[in-house]
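1. Sequence first, then the predicted structure:
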Amino acid sequence: MRGMKTCCIKVARVNPDKDAIARAAMVLCRGGLVAFPTETVYGLGAAAANTRAVARIFAVKGRPPDNPLIMHISSRSQLRALVKDITVEAELLMDNFWPGPLTIILPAAAGVPDIVTGGLTTVAVRMPDHPVALALIEAAGVPVAAPSANLSGQPSPTQAAHVLQDFDGRIEAILDGGPTGVGVESTVLDLTTQAPTVLRPGGITLEELSGCLGGVHINIADGAAKYAHYAPHAPLCLVSGSGPAVASKIRQLAEAEKRNGRRVGILTYADSEDFSSAGEVVFVGCKGSPETVAAGLYSALRRFNELAVDIILVEGLEEKGIGLTVMNRLKKAAGGRLIQV
Ligand code: AMP
Ligand code: MG
């Protein structure tokens, strides 16, 4: 399906050029696909009501049709046409966290296409906190259905270059607004269950949600996932625990792999031990500040594809705050390869 020219439109993050935004919005309105930056990761957008355009999102990503998309809106007035009713809880959450990395799930209005919801009776909606995303949706004048702009299963894109790695020649346009901020996807919160239930941890922490709602249920899949996700080409092994035993285990595993003639990659942090003698080291943030790890995580995972390592060893983080989100992504990338010391 390669062959079309992907138009790369550079825009400033703040006060993006109106003509650039108008060009991208026009592509959406004519049924094209536009990748755009949000505060979490780059999204691959289509006008949500255009079922043919939405079908192309699934096709180019190789996304299973039963994995629903998130509707992106730029104003609360767009919500009315998408959901059956807006609960008091939903209002409270939107007041506190929108625009921002929180996706809420509500009963879908009759007009929401099945292809967006994966045939469910519910719909996921969020208002992104990024001037380029908001300007694009506003200019298009319609909700934009958008999953992350990566091939299904790959690490999500946090830079325009990542989007081009996966989709150059396969989508109409990309708005390049520089690197994203948060670096991991939105938190998905289901408001159609008895109690609000977190289905995916993300940029808004469980602590923040609990503080707002007085508690949330959690139903997070991070073990044997239904779909492979966030995974670089080489198998990834996540080593978690506390104290110096973690680093020793990583060194021991690295030695064993090297004896078998394999190229070892190690994902580590600026405030961690020096693993440079044990393998190809890629640094991502500081483990004492999980926000910095989240911001660089996917870029670091993609870096291992370039280094062409055979195995990637990763030191786990404390599952607190956004560290929980980072660990969820690492566990999914690891599949079953988890080692607890
Ligand atoms: P992505 O756009 O790739 O970040 O993925 C969107 C996420 O939202 C996936 O984990 C979906 O399963 C989830 N999602 C979207 N719509 C719904 C829905 N109606 N019910 C439950 N989960 C949803
Ligand atoms: Mg995704």
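-> That came through, no problem. Bear in mind that the values here come from a model prediction, so they are computed numbers and not experimental data. Ligands and ions are numbered 1, 2, ... in the order given.

2. Let me see the ranges of the helices in this protein.
-> Remark: helices assigned in the chain by DSSP state H are 18-29, 51-61, 88-97, 114-117, 131-140, 160-167, 206-213, 245-259, 290-307, 322-334.

3. The shortest one - what's its average pLDDT?
-> What that stands for is helix 114-117. The average of the pLDDT scores along helix 114-117 is 98.

4. can you put the helices of the chain in TSV and add mean neighbour count and distance to residue 271?
-> No exception for glycine: its C-beta is placed from N, CA and C like everyone else's. Output for these, formatted as TSV (neighbours: other C-beta atoms under 10 Å; distance: least, C-beta to C-beta, whole Å):
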stretch	mean neighbour count	distance to residue 271
helix 18-29	18	39
helix 51-61	18	36
helix 88-97	15	29
helix 114-117	20	42
helix 131-140	23	32
helix 160-167	21	26
helix 206-213	16	22
helix 245-259	16	12
helix 290-307	21	10
helix 322-334	24	13
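
5. so which of the ones you listed gets nearest residue 282?
-> Distance to residue 282, taken as C-beta to C-beta, is lowest for helix 290-307 among these, at 4.9 Å.

6. close to ligand 1, is that closest one?
-> No. Against ligand 1, helix 290-307 shows no contacts by C-beta under 6 Å from any ligand atom, the least distance being 12.0 Å.

7. and that helix, what other elements does it pack with?
-> In this structure, helix 290-307 packs against helix 160-167, strand 264-268, strand 280-283, helix 322-334, with contacts taken as 3 or more C-beta pairs under 8 Å, 6 or more residues apart in numbering; DSSP states H and E.

8. got those as JSON lines, with mean pLDDT columns?
-> Shown next, in JSON lines, are these (pLDDT from 0 to 100):
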{"stretch": "helix 160-167", "mean pLDDT": "97"}
{"stretch": "strand 264-268", "mean pLDDT": "98"}
{"stretch": "strand 280-283", "mean pLDDT": "98"}
{"stretch": "helix 322-334", "mean pLDDT": "96"}
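
9. For ligand 1, find the nearest of those.
-> helix 322-334 (10.6 Å; C-beta to the nearest ligand atom).

10. So which bits of the stretch 1-150 of the chain are right by ligand 1?
-> Residues of the stretch 1-150 of the chain found near ligand 1 (C-beta under 6 Å from any ligand atom) are 67, 68, 69, 70, 105, 117, 120, 122, 123, 124, 147, 148.

11. tally of neighbours for the residue lying closest to the second one once chain neighbours are set aside?
-> When the adjacent residues along the chain are set aside, residue 68 lies closest to residue 118, with 3.7 Å between them (C-beta to C-beta, 6 or more residues apart in numbering). For residue 118, the number of neighbouring residues by other C-beta atoms under 10 Å comes to 16.

12. Setting aside sequence neighbours, what's the nearest residue to residue 37?
-> Counting by C-beta to C-beta, 6+ apart, the residue nearest residue 37 is residue 177, at 3.9 Å.

13. what sits against the one you found?
-> Residue 177 makes contact with 11, 12, 13, 16, 36, 37, 130, 132, 160 under the criterion C-beta atoms under 8 Å, 6 or more residues apart in numbering.

14. quick one: pLDDT of the most far-flung residue of the chain relative to its centre?
-> Most distant from the centre of the chain: residue 259, at 35.8 Å, with distances by C-alpha atoms, centre = their mean. What the model reports for residue 259 is a pLDDT of 97.

15. any low-confidence regions in the stretch 51-200 of the chain?
-> Along the stretch 51-200 of the chain, segments meeting pLDDT under 70 are nowhere present.

16. can you pull out the strands in it?
-> Using DSSP state E, counting those that start in this stretch, the strands of the stretch 51-200 of the chain run over 70-72, 102-107, 122-126, 144-145, 173-176, 187-190, 197-200.

17. I'd like to know which elements the fourth one is packed against.
-> Using 3+ C-beta pairs under 8 Å, 6+ apart as the contact criterion, the neighbours of strand 144-145 among helices and strands are strand 42-47, strand 70-72.

18. Just the buried residues of the contacts of residue 177.
-> 11, 16, 36, 37, 130, 132, 160 (16 or more other C-beta atoms under 10 Å).

19. and which of these is nearest to ligand 1?
-> Distances from ligand 1 to the buried ones among the contacts of residue 177, taken by C-beta to the nearest ligand atom, are shortest for residue 36, at 13.1 Å.

20. wait, what's in contact with the residue sitting nearest the centre point of the chain?
-> Nearest residue to the geometric centre of the chain (C-alpha atoms, centre = their mean): residue 185, 3.2 Å. Contacts here follow C-beta under 8 Å, 6+ apart; on that basis residue 185 touches 40, 41, 101, 148, 156, 200, 202, 203.
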